[in-house]
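predicted model, plus sequence, below.
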Amino acid sequence: MSLQFSVRFLAAIAIVAILFPVATPLIPAESAQNASVEIANASQALSAAFIKVSEAERDGVNVSGLTNRLNKAGGILTSAQEALEEGNYSGAVSQAVSVTDFANGIALDATGLMNQAATQPSSLLLSLLFTLVGSVALVAVLFLMWRRFKPYYTRKLLKTNPRLSG
Amino acid sequence: MWSLDDYRYIFVFVGLIGIILLSVPSASILISSQQGDPFSELYILGSEHIAEKYPFNISSDSDYSVYLGVVNHLGSSAFYEVDLKLLNSSDAVPDTASGVSSPLPVLYSYNVFLLDGQTWETISDFSFSNVTIHELSGRTVLYVGVMNINHIPVQVDNSVEWDSENSGYFYRFVVELWRYNTTSNAFRFDGRFVSLWLNVTSSG
């Protein structure tokens, strides 16, 4: 039984050993051209993400987090270009693809934040409203205080007994 | 004792001071949105992070390093590309007045995103390999085959003649600043570059 198993096992190894060199060329190897195309796609995706982030910034969104993420993606793109220069095409492709996915995610988040910002009043508008309402309230309070203070002052003045000295 | 008019002035004074204090948040937003001329800053520092001790006498297969930095003063975030190029002494340098970059190929580039007022800085290592000296039609020529930037070999294939006036083979390591234009959806040379003269020798 064990001898039969060993023979089968050895036969299986032999088949794999024979077929492996034959099958390997069938697995598509990444070429320099593929890598260049993927890097160009990644670069384009990164630019598109930056456009979205810029639009979000113009709409008053705080884009510091998105910019940090863009920088990370930019760093990976540089690594992909380095891998291409070194002839590591599969590495360049995988890094470029991850940049594309990363950049698409950033663009999506920027759009989401932009939509969120559109429903909220801008900080300038809120500040102007604060100034206006605060100033009106202050003037009203001072006016009411003045109206109460004036009779109090007159009463206090009348209670005093001015005397001539000398 | 103070007169009623004195008290009136005090009330008006308190009211004015209060209104001025309440206007501070709005005024600060308005003032910060109006700034001076927007510009980008590009700089290069020596290996000790100061504006001296720049690499000059370069031996092949030896490592050198410089600090590169970009500062955004544009009033909004920006997407920069920092391109590194190697020019020989006769190649045209970028023209800042007309905004024309060097026509030579980019050897290495950094992708940088900066918020307004933010600074990016990196240390960039470089070395030369496959450096040979030839006699060509009675002239002595130094040939640089490969420039390694951040330990990545990049084919250069650039040669330069012996400069008898200054006694050396001179190359220019040029750093150009490009900025992504969201209107044209393309990078444009920002009109800013920095460069280092390098006197390259073939032996280590």
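Noted; the coordinates are in hand. Because the structure is predicted, anything quoted here is derived from the model rather than measured.

how much space between the closest residue to residue B:89 other than its chain neighbours and chain A?
If the residues on either side of it in the chain are set aside, residue B:89 comes closest to residue B:170, at 4.6 Å by CB to CB, 6 or more residues apart in numbering or on different chains. In this view, the C-beta of every residue, glycine as well, is placed from N, C-alpha and C. Distance, residue B:170 to chain A, by CB to the nearest CB, to the nearest Å: 26 Å.

for residue B:170, what are its contacts?
By CB atoms under 8 Å, 6 or more residues apart in numbering or on different chains, residue B:170 lies in contact with B:88-89, B:160, B:163, B:197-200.

give the buried residues for stretch B:101-109.
By neighbour count with 16 or more other CB atoms under 10 Å in any protein chain shown, stretch B:101-109 contains the buried residues B:101-102, B:104, B:106-109.

among those, name the ones in strands.
With strands defined by DSSP state E, the entries of these inside them are B:108-109.

picking that back up, who is the residue nearest to residue B:89 paired with across the strands?
Under the criterion DSSP bridges, residue B:170 forms beta bridges with residue B:199.

tell me the pLDDT at it?
Residue B:170 carries a pLDDT value of 95.

go on, residue A:164?
What the model reports as pLDDT for residue A:164 is 66.

middle-most residue in chain B, spatially?
Nearest to the mean C-alpha position of chain B, by CA atoms, centre = their mean, lies residue B:42 at 2.5 Å.

and the residue nearest to residue A:73 when sequence neighbours are not counted, how far from chain B?
The spatial neighbour of residue A:73 that comes closest, neighbours along the chain excluded (CB to CB, 6+ apart), is residue A:102 at 4.4 Å. When distances are taken as CB to the nearest CB, residue A:102 and chain B turn out to be 12 Å apart.

next, count neighbours for residue B:144.
When neighbours are defined as other CB atoms under 10 Å in any protein chain shown, residue B:144 has 24 of them.

tell me the secondary structure for it?
Three-state call for residue B:144 (DSSP: H, G, I helix; E, B strand; the rest coil): strand.

I'd assumed residue B:158 was in contact with it.
Yes. The pair residue B:144 and residue B:158 passes the contact test of CB atoms under 8 Å, sitting 5.3 Å apart.

with pLDDT and distance to residue B:135 added, can I get the buried residues of stretch B:101-109 in a markdown table?
As requested, the buried residues of stretch B:101-109 are arranged in a markdown table below (pLDDT from 0 to 100; distance: CB to CB, whole Å):
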| residue | pLDDT | distance to residue B:135 |
| --- | --- | --- |
| B:101 | 95 | 34 |
| B:102 | 94 | 29 |
| B:104 | 93 | 25 |
| B:106 | 95 | 32 |
| B:107 | 95 | 27 |
| B:108 | 95 | 32 |
| B:109 | 94 | 36 |
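
circling back to that earlier point, so what strands line up beside the helix or strand hosting the residue nearest to the centre of chain B?
Using DSSP states H and E, residue B:42 falls within strand B:39-45. Applying DSSP bridges, strand B:39-45 is found paired with strand B:64-73 (antiparallel).

which secondary structure elements does the helix or strand following the partner strand sit against?
The helix or strand immediately downstream of strand B:64-73 is strand B:78-88, counting by DSSP H and E. Packed against strand B:78-88, as judged by 3 or more CB pairs under 8 Å, 6 or more residues apart in numbering or on different chains; DSSP states H and E, are the following elements: helix A:32-58, strand B:39-45, strand B:64-73, strand B:108-114, strand B:139-149, strand B:152-161, strand B:170-181, strand B:186-201.

next, the angle strand B:186-201 makes with strand B:78-88.
Computed with axes from the mean of the first three to the mean of the last three CA atoms, to 10 degrees, the direction of strand B:78-88 lies at 30 degrees from that of strand B:186-201.
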